[in-house]
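Participant: what's the 3D shape of this:
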Amino acid sequence: MTWVGCEETMAWLSRAFAEPGVQEELRALRAARADPGDYIRALAEVAEAGQRSTLVEEFRQLPAFTVTAIVEAWAMADAAAKPFVLESVKPARPLEAARRKQVTLSIASDADGVHVGLAHVATRHAGWYRPA
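Facilitator: Predicted coordinates:
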C-alpha cells in the first residue's frame with residue numbers, strides 16, 4: 001500500500017480487529033465460511049463514514065485470497081489471545097513492484113502475537129487476481 005492514507009487505514013484496521021463486536025462478527029463469519037466481501041463489510045460497518053469508503057476501496061483492490069489470509073492471521077492471534085497488528089509496508093522497489101503488479105503479504109507470529117505486513121502499489125495488480 002503506497003498512498004498517504006495506507007498507514008492510517010492499516011492502523012485503524014488493527015484497532016478494529018481488537019474490538020469485541022468486530023471479533024464476534026468475524027468469528028461468526030469464519031464459522032459460516034463467508035466470502036471475503038463479507039469480512040470487508042463487517043470491518044467497514046464500524047468505521048466512521050469518512051474512513052468507510054477508503055477501507056472498502058483499499059480492500060476491494062486486493063486479491064480475495066489476501067483478505068482471507070489477513071482474517072486467518074487474525075484468527076490465529078485471536079485463538080491464542082495474542083495481539084494482532086496490520087502494517088502497511090512500502091515495497092522495497094516501488095517501481096519494480098508496480099511494473100510487476102506485485103502484492104506482498106507477510107505474516108509473522110511469535111510469542112508476542114501476529115504481525116501482518118502488506119505491500120502493494122494501488123491499482124497495480126496482476127490481472128489474473130480475483131479482486132475481493
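
Participant: tell me which residues in stretch 93-100 are buried?
Facilitator: By neighbour count on 16 or more other CB atoms under 10 Å, the buried set for stretch 93-100 is 97-98. (Each C-beta comes from the backbone N, C-alpha and C, glycine too.)

Participant: then stretch 84-93?
Facilitator: For stretch 84-93, the buried set under the neighbour-count rule, 16+ other CB under 10 Å, comprises 84-89, 91.

Participant: stretch 15-29 now?
Facilitator: For stretch 15-29, a neighbour-count test (16+ other CB under 10 Å) marks 16-17, 22-23, 25-26, 29 as buried.

Participant: what do you get for stretch 109-118?
Facilitator: Buried residues in stretch 109-118, counted by 16+ other CB under 10 Å: 114-118.

Participant: would you check how far apart residue 37 and residue 71 are?
Facilitator: Look at residue 37 and residue 71: by CB to CB, to the nearest Å, they are 12 Å apart.

Participant: neighbour count winner among the two?
Facilitator: More crowded of residue 37 and residue 71, by other CB atoms under 10 Å: residue 71, with 21 against 15.

Participant: torsion angles phi and psi at the more buried one?
Facilitator: phi -60, psi -40 (degrees, to the nearest 10).

Participant: for it, give its distance to residue 29.
Facilitator: Remark: distance between residue 71 and residue 29 (CB to CB) = 8 Å.

Participant: need the overlap of contacts for these two.
Facilitator: residue 39 (CB atoms under 8 Å, 6 or more residues apart in numbering).
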